[in-house]
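A.B. asks: My questions concern the predicted model and sequence given below.
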Amino acid sequence: MIDWKLILEVIGMLIYATFMGFIFMGIERKAMARIQRRIGPPIYQPIIDTLKLLGKKESVTHGFIYDFGPVFALGASIAALLFIPIANFQLFSSNADLIVVAYLLEVPMLGIMLGAMSSGNPYSAVGVQRGLLTMVAMQLPYGLALIALIQHWGTFKLGEIVALQQVHGWSVTVPALLLALIVFDIVFQAMLGLEPFDIITAPAEISMGPMVEYGGKHAALLFTQHAVQLFAETAFFAVLFLGGASNLLELLVKQIAVLFIAIFVASIYPRFTIDQAAKFFWKWPTILGIIAVLLTV
Amino acid sequence: MSERKNDDFISYELQEFKLFEPLFKWARKKSLWIVAFCTGCGGIEMPPLATARYDFERFGIMPNPAPRMGDLFLITGYVTPKTLKRIIITYEMMQDPKYILIHGSCPINGGVYWDSYNVVKQFDKYLPVDVAIAGCMPRAEAVMDGIMEIMRKIESGEADGWKRYRENYEYYRKNQDELFGEGWREKDARRWLAWI
Amino acid sequence: MINELMVLLFAPLIAGIAAWAFDFRGVREAVGLTGALVPPILLAKAYPGILNQPLSYTLKVGGFNLSFQLNALNWYFAAIASLVGLAMALGMVSTSRSGYEWLFALMSYTGVLGVFISQDFVGFFLLWELMTFASFMMVLRNNRHESLKYFVLSIVGAYAMLLAIAILYTKTGALDFATIRQALYMDISIGAIGRGETILLFLLFLTAFGVKAGAVPLHVWAPGAYSEVNQSYTAFFSGALSKAGAYGFILIYILMGAKLYTELGTFHGHITFAYIMAWIGAVTVVVASFLAVLQEDIRKLFAYSSVGQVGYILLAFGVGTELGFAGGLFHVLSHAVFKGLFWLVTAAIILQTGKTKFKDMGGLAGKMPFTFAMGLIAVLSLAGIPPLAGFASKWLIYEAAISAHMPLVAGAIFLGSGLAFAYVVRFLYAVWFGQRPSDLDDVKEAPLPLLIAMAVLAIPNLLFGIAPGLVTEYLNKALGSSIVGGDYFKLVTKTGTYNALLVTIILVLGLAIAGLIYLYGAGVRRISVTNTYQSGNPVTEEFNLSIRKNFYRPLAEALDFWLKYSWDRFYERLAGIAEDFGDAVRQSFYNGNVQSYSWYLAIVLLILALWGVL
């Protein structure tokens, strides 16, 4: 029958994840500002931004797919979130394993691309091209890191990976998986869209890339999607490599640690061009990934 | 009346949010996004505002390259007809509610270029203005003062440039067409086609 | 009483000949469609009994006994081929203009069905050649050079197969599968077939089946041949005929598996011959997918994509475990269904607009909405998005490859999936979105038979995506052991689970939540494509606002070292050398000079005299 506890957990987790995702985006801006010796916006600034965008009094569209793209992206991010075991809430994670979650985390990009393509703007098209090529470039090291992890623990299910890590120690204590962690961290920069791989939006170059024609409530949907995706991806990282967590506070600490590493790298580096990014991904991260994978065979 | 080719945003019915309007008003005040379009010589005063000394990001202001996501348009300095065409096109791409802040004395009454053939003397005839900052160029502290003023006006509801544009569209349109000639968008687009 | 198997097998051929004979517009479509409908109906009738009792029949032709059998494994392949064949026939009702095409399309249909259900090498080889000949004639009608390439490579494969059959006949004295299998199994202890001969047999069979399936380096016929035929037929060509090659790989396992294992042993814990097959599949996936991303012609893009996806199937078979077989067989189904759908969509586009290159198309989503929806389903399935059939089979292949500890091969699949995403989005952007060129302003929706054909192939995509357990349950029974557990909606293996229904429900839930936020905001108004941000400049319809040529130029720049080498140019150069050699011989001997002819006469007379004949 209907499991009320599960439904309450799902609703609570969605509200918590959206809120914390916005706070993470705010931490990103605040940390960047502090590094540049400014004061920066308050931490809850992205919530204010999203409210302002939602409160716009008019809205334009270029067609059905233009509207459907951001809706689809947010839906897929929410779906990806609900299949990851967050702290001690299992949610639906016993029904879909690591490969499903890894694919569901890439589906929102397809939704945004669909919407961007249908807006008919050349800047969007360039943004779509660069986004897809970044994704192609990062798939090989991403796959190798995940394969090393799966081969070591011998299972695909996320709940079991967390349980095994509680028993045997975190993934990072295994040398082969430490290499996989380094590769995954580099790929993580590209997944979050931070320098040096933020070629997809490239704000000063192609004016917001795929999102140039989006405003008002569509932009609010895209911001919310970014928040949920940020939370889901940092939680995924923590679950895979840092041993999950037994309560929300511990998970929050691990997520913020991961986020800060990403912010510090992003604040130093300029942007790679797309063929530089492809050549980079297929050289050292792939070599490290192959070594990691061969060590765990 | 000449045919409106800009996809007829005038007859569009604006959405009125009844329940959360005060919340949205507070959000609009605390998160103004500037359209990243430095229209004239005053653009040099923008980097000091954005960098560490006078940091406007602590008010939530952020430059954004896409006009569809922007809501504050800074007219920084003098305006020529060529720039005015682009300003009008970009302004009409922004979504209501939107505000204009003019810097310097040139948009107010012509300023230093009061007798030039190529400078627009009275910007208020072509697009509605919310706050005007006098000076030649106003310093960063003066621009901050102007930003505080516009935030106060948003909160009290006086910043209604977008409403004035919709209600008096015939007046603004007549002035624009008088300056550029009818059908100026297509003519200008075709002029630049040869360079593509 | 004519046996059902013979009706199943020869009905399309007879219908094809009748359609060619009565070449009138309504008659040939009706006859052809009836001929294509017979196999699916008969196969559906045979389904309930097939798991317990295989149907067999023996045909005596000219001194040979051709035996046919429909057991659980064959039924699977034959059913997929007949589904795609039905869609092909419906598509050809709209796009085909002559009885010639009906004749050869249905002839190849018979050939494929025969390949799947024959149980001895004579029937197998005859029907294999019938299938190849018919598809060659289809290509010959449009482009001679490509058909010649296809012909030569198929001949190479066919001779390799004939040689292998001959060797097997001399060593075992029999031609039917059951006896050969038994004899080879016994031979492990006897040892009459030596190691070198086993390897030779393996290589010959690999060549024969690899040509048909399009494995690198024998794939060069595929892009040309798939492009230059009637596109509805390509749905069958790449959906079903390439599966004959995959079926051949399974035959290698069935007939020679045990013998190859004992002769070639293992390599770092993997069965050697299977490992070779897996690497061939992996290289095919990577090379073909990279080439697909860089194409400018819509048919060539899908052709390279077909080659890559069949590489997935070979890879799955090469993993060697039961889970690998289940994954590979599931991918046979999903690939036939989504690739057939893609080719039908391409047929609709080419029929309605007449353009084949991406730079001429654009903005068709508003004009052909149903075709666009079908294309979107096919795109989601190929890219491997969760609730569709393509993801279920890819998930099984991932599980199989990683559980069998073949990490580099699995890494190749990850890369292939990313590339599939890239080229499929290219197709969507260039054809359906963006600014429409002015000469496409009066394009109409595709004709009704083509739309029905697309729907016939789209429904299995959705059905087997949400309920993948239907397929795996059948595969468990066909392969004889419980490989993939779970119920109709859930796949459970030893190391992972995938509950397709729940993923679908949660996705719909997420879409509903996002839709609520969307509905709360302001209502939308439609604006034209020229009302777009171009740094404030005004634009009109004369400006080019889409990127349709060289969309992935940066990837070509990143790969420019590897793109200097090409299998296609290598083969063309080999062919050129052979042609030059032939020309040189011809011109040196038959040079029209009376003196050299009289020398030839004198030499021959001298030899005959010395030999004592004269």
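C.D. replies: Received the coordinates, thanks.
A.B. asks: use CA for all of it now, contacts and neighbours both
C.D. replies: OK.
A.B. asks: from memory A:G120 sits against C:G434, does it?
C.D. replies: Yes: using Cα atoms under 8 Å, A:G120 is in contact with C:G434, at 4.2 Å.
A.B. asks: Now do the shared contacts for the two.
C.D. replies: Taking Cα atoms under 8 Å, 6 or more residues apart in numbering or on different chains as the criterion, A:G120 and C:G434 both touch C:529, C:545-546.
A.B. asks: quick one, what contacts residue 74?
C.D. replies: Just so you know, I chose chain A. Taking Cα under 8 Å, 6+ apart, we find A:L74 in contact with A:108, A:221-222, A:224-225, C:510-511, C:514.
A.B. asks: oops, I was thinking of chain B
C.D. replies: B:34-35, B:37-39, B:100-103.
A.B. asks: what about the residue of chain A found nearest chain B, which SS state?
C.D. replies: As assessed by Cα to the nearest Cα, chain B sits closest to A:P41 within chain A, at 4.0 Å. Secondary structure, DSSP: H, G, I helix; E, B strand; the rest coil: A:P41 is coil.
A.B. asks: what's near enough to touch it?
C.D. replies: A:26, A:29-30, B:57-60.
A.B. asks: Let's see which of the residues you listed end up in helices.
C.D. replies: A:26, A:29-30 (DSSP state H).
A.B. asks: What is the nearest of these to chain C?
C.D. replies: Nearest to chain C among these, with distances taken as Cα to the nearest Cα, is A:G26, at 21.4 Å.
A.B. asks: Isn't the closest one up against A:Y44?
C.D. replies: Yes: here A:G26 reaches A:Y44: they are 5.8 Å apart, a contact under Cα under 8 Å.
A.B. asks: more neighbours, the two?
C.D. replies: Shown here are A:G26 and A:Y44; by other Cα atoms under 10 Å in any protein chain shown, A:G26 has more neighbours (21 against 17).
A.B. asks: Just give the closest residue to the more buried one, not the sequence neighbours.
C.D. replies: The spatially closest residue to A:G26, leaving aside those adjacent along the chain, is A:I43, at 4.5 Å (Cα to Cα, 6 or more residues apart in numbering or on different chains).
A.B. asks: What is the burial count for the one you found?
C.D. replies: 17.
A.B. asks: What score does the residue of chain A closest to chain B have for pLDDT?
C.D. replies: We have a pLDDT of 92 for A:P41.
A.B. asks: Excluding residues flanking it in the chain, which one is nearest it?
C.D. replies: Using Cα to Cα, 6+ apart, the nearest residue to A:P41 is B:R58, at 4.0 Å.
A.B. asks: which one is the closest residue to chain A within the stretch 451-600 of chain C nearest to, not counting chain neighbours?
C.D. replies: Taking Cα to the nearest Cα, chain A has its nearest neighbour within the stretch 451-600 of chain C at C:G510, 3.8 Å off. Closest residue to C:G510 apart from its sequence neighbours, by Cα to Cα, 6+ apart: A:G75 at 3.8 Å.
A.B. asks: contacting residues around the residue in the stretch 51-200 of chain C that chain B sits nearest to?
C.D. replies: Of all residues in the stretch 51-200 of chain C, C:N143 sits closest to chain B, at 38.0 Å by Cα to the nearest Cα. Residues near C:N143 by Cα under 8 Å, 6+ apart: C:E228.
A.B. asks: follow-up on the earlier one: how near is the residue of chain A closest to chain B to A:F24?
C.D. replies: Distance, A:P41 to A:F24, by Cα to Cα, to the nearest Å: 13 Å.
A.B. asks: Could you list the domains of chain C?
C.D. replies: For chain C, the domain assignment from automatic domain parsing gives the residue ranges C:269-532, C:566-611.
A.B. asks: I'd like the average pLDDT over the last one.
C.D. replies: Going back to what we said before, that points to domain C:566-611. Domain C:566-611 comes out with an average pLDDT of 88.
A.B. asks: for the longest one, same thing?
C.D. replies: The predicted model assigns domain C:269-532 a mean pLDDT of 88.
A.B. asks: got the contact list for residue 10?
C.D. replies: Because you didn't say which chain, this covers chain A. A:82, A:91.
A.B. asks: Can you look at chain B instead?
C.D. replies: Taking Cα under 8 Å, 6+ apart, we find B:I10 in contact with B:166, B:169.
A.B. asks: quick one: it from A:G69, how far?
C.D. replies: Applying Cα to Cα, the value for B:I10 to A:G69 is 27 Å.
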